[in-house]
Structures are given as structure tokens and as C-alpha cells.
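**Student:** output the structure for:
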Amino acid sequence: MSVDDRVEIAMLIARIAQLADDGSVGAYLDCFTTDAEWELADASGIGLEVQTRRGRADLEAGVRERRRQGMQGPGSRTRHDVSTIAIAVDGDRASSRAYYRYYLDTHATPRLATMGVYDDAFTRGPDGWRLARRTITRS
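**Tutor:** Numbering: from 1, shown residues only. You can find the predicted model right below:
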């Protein structure tokens with residue numbers, strides 16, 4: 001396990017959070033494998049249904065739905081804040097656990113809407129590390 005791999009994965013986690021708040025849909029989706037899964041295991045308090053998205057087209061539909069609802073994307077005044085990241089690398093596969101906080105109303109007095117855990121799995125391909133699976137739970 002190289003330090004470079006862990007740094008690249010940590011930067012990917014940060015990039016996904018930043019792109020969720022203020023990036024293009026295409027740049028956000030480029031962070032995921034083509035067959036990625038994104039699971040929201042507990043959606044209480046944030047106005048979404050528990051859901052699992054599979055594959056690039058389904059991930060894109062979910063991103064666009066959240067943006068239509070004003071939950072993320074440019075102008076949404078949201079902030080995904082990620083910390084306490086633990087990463088394990090095994091060859092071209094890796095996993096991580098990180099804590100997140102999701103804030104609303106960042107243009108005024110930010111309001112913590114939810115917090116929890118990202119359990120992630122990554123795959124290294126020709127273009128570097130990509131997120132293959134994310135499970136989001138509240139804590």
C-alpha cells in the first residue's frame with residue numbers, strides 16, 4: 001500500500017464532495033466507475049427517499065434529481081464536508097470510511113442538515129482511482 005494511493009483516494013473523496021456542491025454533472029460522474037453503485041441507506045431529514053443508484057445513467061439521473069431539488073450543485077448554497085478518512089488499499093482495490101456533514105444555507109448562517117458515514121469502495125483503472133461503491137448512512 002503506497003502513500004500516493006491513499007493521497008489520491010483522499011483527494012478523490014474531496015473532489016466528489018466539492019463537485020456535488022459546485023461542479024458540473026460530467027465532472028462529478030467522471031469520479032465514478034461506469035458500473036458504480038451509490039446507496040443512500042438513511043434519508044431521514046433531508047427530503048429524499050432511501051435509494052440505490054446503479055450504473056452511470058442511473059447515477060446521472062440521481063444527480064440531476066438532487067440538483068432540481070436544490071440539494072446540490074451550483075447555486076444550491078450547500079456544503080458537503082468530509083473528514084476522518086481511513087483508507088485501506090489492496091492492489092487495484094481500496095476501501096475507505098469517512099465522516100461527512102451536509103450543510104444548507106451556506107450563504108447566511110449554515111445549518112447542519114445531516115451527518116454520517118461514507119463507506120466507499122474504489123477501483124484503480126487506466127485513468128487512476130475511481131469510486132465503485134458508496135454507502136451513505138447517518139450517525
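**Student:** which pLDDT value belongs to the closest residue to residue 42 other than its chain neighbours?
**Tutor:** Ranked by Cβ to Cβ, 6 or more residues apart in numbering and with sequence neighbours excluded, the top spatial neighbour of residue 42 is residue 138, at 4.4 Å. All C-beta atoms are positioned from the backbone trio N, CA, C, and that covers glycine. According to the model's per-residue confidence, residue 138 sits at a pLDDT of 87.
**Student:** residue 138 against residue 114, yeah?
**Tutor:** Yes - the pair residue 138 and residue 114 passes the contact test of Cβ atoms under 8 Å, sitting 5.8 Å apart.
**Student:** can you classify residue 6 as helix, strand or coil?
**Tutor:** helix (DSSP: H, G, I helix; E, B strand; the rest coil).
**Student:** what helices or strands is the longest strand seen in the chain leaning on?
**Tutor:** In the chain, ranked by residue count with DSSP state E as the criterion, the top strand is strand 111-125. Other elements packing on strand 111-125 under the criterion 3 or more Cβ pairs under 8 Å, 6 or more residues apart in numbering; DSSP states H and E are helix 3-22, strand 93-104, strand 128-138.
**Student:** with just CA atoms, put the second one into CSV.
**Tutor:** The reference is to strand 93-104. Output for strand 93-104, consisting of C-alpha atoms alone and laid out as CSV, is shown next (Å, rounded to 0.1, in the frame of the first residue of the first chain):
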residue,chain,number,x,y,z
ARG,A,93,-8.9,-2.2,-5.0
ALA,A,94,-9.4,0.0,-2.0
SER,A,95,-11.9,0.9,0.7
SER,A,96,-12.5,3.8,3.0
ARG,A,97,-14.6,5.1,5.7
ALA,A,98,-15.1,8.8,6.2
TYR,A,99,-17.4,11.0,8.3
TYR,A,100,-19.5,13.6,6.5
ARG,A,101,-21.5,16.7,7.4
TYR,A,102,-24.0,18.2,5.0
TYR,A,103,-24.8,21.9,5.4
LEU,A,104,-27.6,24.0,3.9
